[in-house]
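>>> 3D model of this:
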Amino acid sequence: MIFSKSIPPNSGIMMPELGGMDLLKIIRDNYPRTRVIIITGFGTVNSAVESMKRGAADFIQKPFTPAEIRNVLNKYLPKKDTATSKTLQFNRDGQVATIIGVSPVMQDIYDLVLKVAPTDSTVLITGETGVGKELIARAIHFHSQRKEQAFLTVDCCSLVESLFESELFGHVKGSFTGAIATKHGSFELANGGTFFFDEIGNISLNIQAKILRAIQEREIKRVGDTATIKVDVRVIAATNRDLSQAVAEGGFREDLFYRLSVIPIHVPGLRQRREDIIPLAEHFLEKYNQKRKKSLSGFNRDVEQLFIEYYWPGNVRELENVVERAVVIEDKQTVTVPSLPSNIRNLKSKPMEKEDSVKSLEQLEREHILSTLEQTNWNRSKSARLLGIDRKTLYDKLKRYRIEK
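Okay, here's the model as predicted:
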């Protein structure tokens, strides 16, 4: 690593022109992911403790032996025989990308994806909004024998009920007002490839029955037509709802639920896999550095700590939005606390709560949504973007938490 010319090499703790502690602060502020080992001939318990407080990884007192140095370095150098974290690739807009996730739960998901990808089994991906369910679906397609064929997505939140059947299965000319030409449906266009239902929990019982038939019989019928069309499509569905509860309440067909969930994959929220937060943040920093033509080198320690402590109701999507915002407004070499949104920034000034007064995730989420709405002057579209969720999900949460202006 190259430092400023104003920093003398081999700085020591007691050097008059620039102390080792000053150098430690410069390195930690500008290169927060770099581990620093302090070596000094003036070692005391106090100086060792102070070094650790300021972010040093380790402390060595002179004189030392080569073996002592080797032992300390071995703690921080990667082991040659250590298995590297597995990665999972997917294709989006013709570009191959990698899903970021080093936590054990994500590594298990990668293993499962690689096992089920070569099969044609239906897959149901569950998880909160913003955890990356579509990326998992794309990875399944990318690692399957269908990877050269189409991957088509239908957003079940965005289609009107009256047009849903036509969008999925197509229609013949004259089948309804406005049907001026025969149209191929998404199922037909995905023939040979993969069809992804995003937020399938939002579709009506009527459409559910027709999707069930398409999956079971591997055939569809265009609106207004009597002939059936054979299709070879793998179906993957995703939802942020508890479909088993929806089945119990009569809002989702039990037979379709079991047909979809042959292979269930649950993607946990970001707060349940905090080991992934900093690697994801660094990935987004690199992405938006390139996009915005910036060269931020990382996140300072306070920012990293806030990222770890924050509960991320919008999950990975919210984290990406936060990093993009920071890249746009940050004018220092690293991302600092003032470039974060107020709801995350304010965590730094809050005292630690006693165990008996810890709030539930629902309480925290309600407060966070309310804070974001107030921050945007109750602009719901803007609030949904900042939270990393779609408008329908925001309206559902407003209703659930009884939030009114």
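
>>> Only C-alpha atoms from now on, for both contacts and neighbour counts.
Fine.

>>> Quick one: low-confidence residue ranges for the chain.
Counting by pLDDT under 70, the chain contains low-confidence residues at 1-20, 28-33, 41-55, 75-86, 348-361.

>>> Using the three-state scheme, assign the one residue sitting closest to the centre of it.
Nearest to the geometric centre of the chain sits residue 316, at 2.6 Å (C-alpha atoms, centre = their mean). Three-state call for residue 316 (DSSP: H, G, I helix; E, B strand; the rest coil): helix.

>>> can you pull the contacts of it?
Residues near residue 316 by C-alpha atoms under 8 Å, 6 or more residues apart in numbering: 130, 131, 132, 270, 280.

>>> same thing but at 10 Å, please
Shown in contact with residue 316 (C-alpha atoms under 10 Å, 6 or more residues apart in numbering): 129-132, 269-271, 276-277, 280-281, 322, 388.

>>> Now do it against residue 89, distance only.
Here residue 316 is placed at a distance of 17 Å from residue 89 (C-alpha to C-alpha, to the nearest Å).

>>> same thing with residue 374?
Counting by C-alpha to C-alpha, the gap from residue 374 to residue 89 is 39 Å.

>>> what's the answer for residue 271, then?
Taking C-alpha to C-alpha, one finds residue 271 at 23 Å from residue 89.

>>> cool, residue 144 as well?
Distance from residue 144 to residue 89, by C-alpha to C-alpha: 12 Å.

>>> How about residue 267?
With distances taken as C-alpha to C-alpha, residue 267 is found 16 Å from residue 89.

>>> Spit out the residues that contact residue 144 and residue 89 alike.
residue 138.

>>> and residue 143, how many residues sit next to it?
Residue 143 has 19 neighbours, counted by other C-alpha atoms under 10 Å.

>>> What sits closest to it if chain neighbours are left out?
residue 117 (5.6 Å; C-alpha to C-alpha, 6 or more residues apart in numbering).

>>> So the one you found is in contact with residue 90, correct?
No: using C-alpha atoms under 10 Å, residue 117 is not in contact with residue 90, being 11.8 Å away.

>>> hey, what's in contact with both of these two?
137, 139, 140, 141, 142, 143, 147.

>>> ok, those vs residue 327, which is closest?
Nearest to residue 327 out of the shared contacts of residue 117 and residue 90 is residue 139 (C-alpha to C-alpha; 28.1 Å).

>>> gap between the residue lying farthest from the centre of the chain and residue 404?
In the chain, the greatest distance from the average C-alpha position (C-alpha atoms, centre = their mean) is reached by residue 63, at 47.6 Å. Residue 63 sits 67 Å away from residue 404, going by C-alpha to C-alpha.

>>> Which parts of this structure are strands?
Assigned by DSSP state E, the strands in the chain fall at 37-40, 58-61, 88-92, 95-99, 123-126, 151-155, 170-171, 183-184, 194-198, 219-220, 229-230, 234-239, 263-266.

>>> Contacts for the fourth one next, please.
Which is strand 95-99. 86-91, 106, 110, 132, 135-136, 139, 142, 280, 283.

>>> and with 7 Å instead?
If you take C-alpha atoms under 7 Å, 6 or more residues apart in numbering as the criterion, strand 95-99 is touched by 87, 88, 89, 90, 91.
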